[in-house]
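Engineer: Sharing a model that was predicted from the sequence below.
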Amino acid sequence: VQLQASGGGLVQGGGSLRLSCAASGGAASSYIMAWFRQAPGKEREFVARISWTGGTTHYADSVKGRFTISRDNAKNTVYLQMNSLKPEDTATYYCAAATTWSREYPYWGQGTQVTVSS
């Protein structure tokens, strides 16, 4: 499966952005989908993940209550709605896919940059 992330940009603190991750070469419904992010000089960190049908979601504590992951399997797309953005959310955001509910993600998209100004 190939993943294409989009939707990043520059936003003021307190603002919102919605990221999208389009899957091709395979049905998105076959995969657990997740978002990760990596800020300059920092390690990549988990942000959120969603189960095959969208019935189960997990979030990093740092984004819980502000970010929402969702999916539309008919469109082979996963979304990350980001509200109440903070400067510390500034990072390159990556979508990833896996066929099992584990911490291993074999499939990655290119990143999309999110910059939050103070």
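Structural biologist: Yep, it's here.

Engineer: How about the contacts made by Y107?
Structural biologist: 1-3, 31, 96-98 (Cβ atoms under 8 Å, 6 or more residues apart in numbering). Quick note: C-beta positions are derived from backbone N, CA and C, even for glycine.

Engineer: same thing with L85?
Structural biologist: 11, 13-17, 66, 114, 116.

Engineer: pLDDT of the host helix or strand of R49, averaged?
Structural biologist: R49 belongs to strand 45-50 when assigned by DSSP states H and E. Averaged over strand 45-50, pLDDT sits at 97.

Engineer: and if you look at stretch 73-91?
Structural biologist: Per-residue scores along stretch 73-91 average to 97.

Engineer: In CSV, list the C-alpha atoms belonging to that stretch.
Structural biologist: C-alpha atoms of stretch 73-91 as CSV (Å, rounded to 0.1, in the frame of the first residue of the first chain):
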residue,chain,number,x,y,z
ASN,A,73,-12.8,3.4,4.0
ALA,A,74,-14.9,4.2,1.0
LYS,A,75,-12.5,6.9,0.1
ASN,A,76,-9.4,5.0,1.3
THR,A,77,-8.5,8.0,3.5
VAL,A,78,-7.6,8.6,7.1
TYR,A,79,-7.9,12.0,8.7
LEU,A,80,-6.3,13.8,11.7
GLN,A,81,-8.4,16.7,12.9
MET,A,82,-6.2,18.9,15.0
ASN,A,83,-7.8,21.6,17.1
SER,A,84,-6.4,24.0,19.7
LEU,A,85,-3.0,23.7,18.2
LYS,A,86,0.1,24.7,20.2
PRO,A,87,3.6,25.7,19.1
GLU,A,88,4.8,22.4,20.5
ASP,A,89,2.7,20.6,17.9
THR,A,90,5.0,21.9,15.2
ALA,A,91,6.5,18.8,13.4
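
Engineer: Noted, bye for now.
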